[in-house]
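Participant: sharing a model prediction with you, sequence too.
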Amino acid sequence: MRMLRAIYNKAVMAGLARFVFNLFHDVFTGIDRNHKKALDESNLKEILTGEVKSLALKRVQLMAAAMYRLCGMPFVDLQHLSLNSVVDGVLKYNRQKTGNSVNIPINRDSCNLIKHLHLSNIDLSTESGYRHYQSLLRNFNAGLKRLADTLGVTVHISSYTFRHSWATNALRHHVPVEVISSALGHSDIRTTQIYLKGFDAAEIGKANSKVCKCLNVK
């Protein structure tokens, strides 16, 4: 609904649609902060490293692994990835969605993984290129569902799962939110905070114990 509202607003500005006052007034166009898109570490490990025999599912698994290892890279940016953008061990690219520049250190294993995937650059500015990309995205999400079913993972996953999972796990390993935001290519740290899955009471309790320990307070 947020996307539909944005498209409608652009159409109004371009004179392609009639302005209707408060058209989206009674429609929820916010973000459900209770909807958890990140996988826990056990399910994530199974999806990325579980044994599969199908070559098609193995490719889906490798693409998911590449997205996660490249700091939660979106599927669309993965499709435009080129190793020619690697300079002195740093992958430099601009996000397709926002144009924001992102710099990610990349090791030999990640480079080999990208080479193995044989990704082809897609021109989204053309109708045929956009349709081809949408087909790739649909097939990838369908492949993720089959991969999850094959590995016995019952939670819903999609192309964005690995982006949310990377951000959440980075926070759990005490990576500053500012660093996470930069790695994701966000312009506003508030966008990053929407991605981050909340901590449960047990984790908060552990953190509180550590903070209070310095004062000898139990």
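Facilitator: Okay, I see it.
Participant: going by C-alpha atoms from here, please, whenever you check contacts or count neighbours.
Facilitator: OK.
Participant: what's the burial count for residue 66?
Facilitator: 23 (other C-alpha atoms under 10 Å).
Participant: from what I can see it touches residue 111, true?
Facilitator: No - if you go by C-alpha atoms under 8 Å, residue 66 and residue 111 don't touch, sitting 9.4 Å apart.
Participant: for the nearest residue to residue 100 once chain neighbours are set aside, give the beta-bridge partners.
Facilitator: Spatial nearest neighbour of residue 100, chain neighbours left out: residue 94 (5.3 Å); criterion: C-alpha to C-alpha, 6 or more residues apart in numbering. Beta bridges link residue 94 to residue 101 when assigned by DSSP bridges.
Participant: quick check: residue 94 vs residue 85, distance?
Facilitator: The gap separating residue 94 from residue 85 is 10 Å, by C-alpha to C-alpha, to the nearest Å.
Participant: then residue 175?
Facilitator: Residue 175 is 25 Å from residue 85, by C-alpha to C-alpha.
Participant: who are the neighbours in contact with the residue nearest to residue 100?
Facilitator: Contacts here follow C-alpha atoms under 8 Å, 6 or more residues apart in numbering; on that basis residue 94 touches 100-102.
Participant: least trustworthy helix or strand in the chain by mean pLDDT?
Facilitator: helix 201-213 (a mean of 72; mean pLDDT, DSSP states H and E).
Participant: quick one: the strands in this protein?
Facilitator: For the chain, the strands defined by DSSP state E occupy 86-87, 90-94, 101-105.
Participant: tell me which of these sits most buried.
Facilitator: Across the strands of the chain, averaging neighbours per residue (mean count of other C-alpha atoms under 10 Å) puts strand 90-94 on top, at a mean of 18.
Participant: now do the contacts for the residue nearest the centre of the chain.
Facilitator: Nearest residue to the geometric centre of the chain (C-alpha atoms, centre = their mean): residue 163, 2.3 Å. Applying C-alpha under 8 Å, 6+ apart, we find residue 163 in contact with 38, 67-68, 71-74.
Participant: mind checking which of those land in helices?
Facilitator: Within these, residues falling in helices by DSSP state H are 67-68.
Participant: let's have the contacts of residue 163 in a markdown table, adding neighbour count, pLDDT and distance to residue 134.
Facilitator: Listed next are these as a markdown table, based on neighbours: other C-alpha atoms under 10 Å; pLDDT from 0 to 100; distance: C-alpha to C-alpha, whole Å:
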| residue | neighbour count | pLDDT | distance to residue 134 |
| --- | --- | --- | --- |
| 38 | 24 | 84 | 23 |
| 67 | 23 | 93 | 17 |
| 68 | 22 | 93 | 21 |
| 71 | 22 | 89 | 23 |
| 72 | 25 | 90 | 20 |
| 73 | 25 | 92 | 17 |
| 74 | 21 | 92 | 14 |
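Participant: and which of the contacts of residue 163 is nearest residue 21?
Facilitator: Set against residue 21, the nearest of the contacts of residue 163 by C-alpha to C-alpha is residue 74 (34.5 Å).
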